[in-house]
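**Q** sequence and predicted structure are below.
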Amino acid sequence: ARLVMVGDGPIRAECEALAQSLGVAGRVDFVGARDHRYVADLLGRAEVFLQHSVTSASGETEGLPSAIQEAMAAGAVVVATRHAGIPEIVLDGQTGRLVDEHDIDGCAAALSDVLGGAASSARMAGAARRFAEEGMRVVGTIRSIELYTLAAKFQNVTTRQVAKIQLDIDREGEYARLIQ
């Protein structure tokens, strides 16, 4: 197995030093910050996605990380923490595995279980992908309703123009410009 760490930040050097001291540096790739296309390609090839989110000392949380949703949609088994909104989509033993925040031993055990159980991992990966796709359909429906509501506010916007607007929504779900 290989671990690919995507992202950058103040503890990257510490993580690299830890991998070195544990003798696993040859199996860990620290690739730094990358664009969405690179990450999407990586997720498409990943068997497992790990996100060990924790509540900050000041009480801040991540909500529901989009990276988890993207990993599920790509068909990766997610191992994550019981943190903020994560348990709403990562259903322990169904669409992934959940561990408590700061539970390093539990995280290692969950990763070991996922990597060692091909049949259950394949079942969870399939369930995660279906769950993510269904969620995307619901979000798409909501966005369509929002767009038609927006269009109704403008007398000169036609249904055809609304369809064009809908096609212009980018991957993050932000509304693009109105097409005249």
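**A** Good, I have the coordinates. Numbering: from 1, shown residues only.
**Q** any stretches of the protein with poor pLDDT?
**A** Along the chain, the model assigns pLDDT under 70 to residues 136, 138-180.
**Q** which stretches in the protein count as helices?
**A** 12-21, 36-45, 66-74, 104-116, 118-153, 159-167 (DSSP state H).
**Q** most tightly surrounded among the ones you listed?
**A** Of all those, helix 66-74 carries the top mean neighbour count, a mean of 20, counting by mean count of other CB atoms under 10 Å. For the C-beta atoms, the positions are set from N, CA and C on the backbone; glycine is no exception.
**Q** and of the helices of the chain, who's closest to residue 82?
**A** Among the helices of the chain, helix 104-116 comes nearest to residue 82, with 10.1 Å by CB to CB.
**Q** just checking, what packs against that closest one?
**A** Judged by 3 or more CB pairs under 8 Å, 6 or more residues apart in numbering; DSSP states H and E, helix 104-116 is in contact with strand 48-51, strand 77-81, strand 96-99, helix 118-153.
**Q** repeat the analysis, applying 6 Å as the threshold.
**A** Applying 3 or more CB pairs under 6 Å, 6 or more residues apart in numbering; DSSP states H and E, one finds that helix 104-116 contacts strand 77-81, strand 96-99.
**Q** now residue 127. Nearest residue, chain neighbours left out?
**A** Computed as CB to CB, 6 or more residues apart in numbering, the closest residue to residue 127 that is not its neighbour in sequence is residue 95, at 4.9 Å.
**Q** right, and residue 49 touches residue 79 too?
**A** No. Using CB atoms under 6 Å, residue 49 is not in contact with residue 79, being 7.3 Å away.
**Q** give me the number of residues near the closest residue to residue 12 other than its chain neighbours?
**A** Leaving aside its sequence neighbours, residue 12 sits nearest to residue 30 (CB to CB, 6+ apart; 6.4 Å). Using other CB atoms under 10 Å, residue 30 is surrounded by 16 other residues.
**Q** is residue 30 in a bridge, and if so with what?
**A** On the basis of DSSP bridges, residue 30 is bridged to residue 5.
**Q** and it, how far is that from residue 68?
**A** Applying CB to CB, to the nearest Å, the value for residue 30 to residue 68 is 21 Å.
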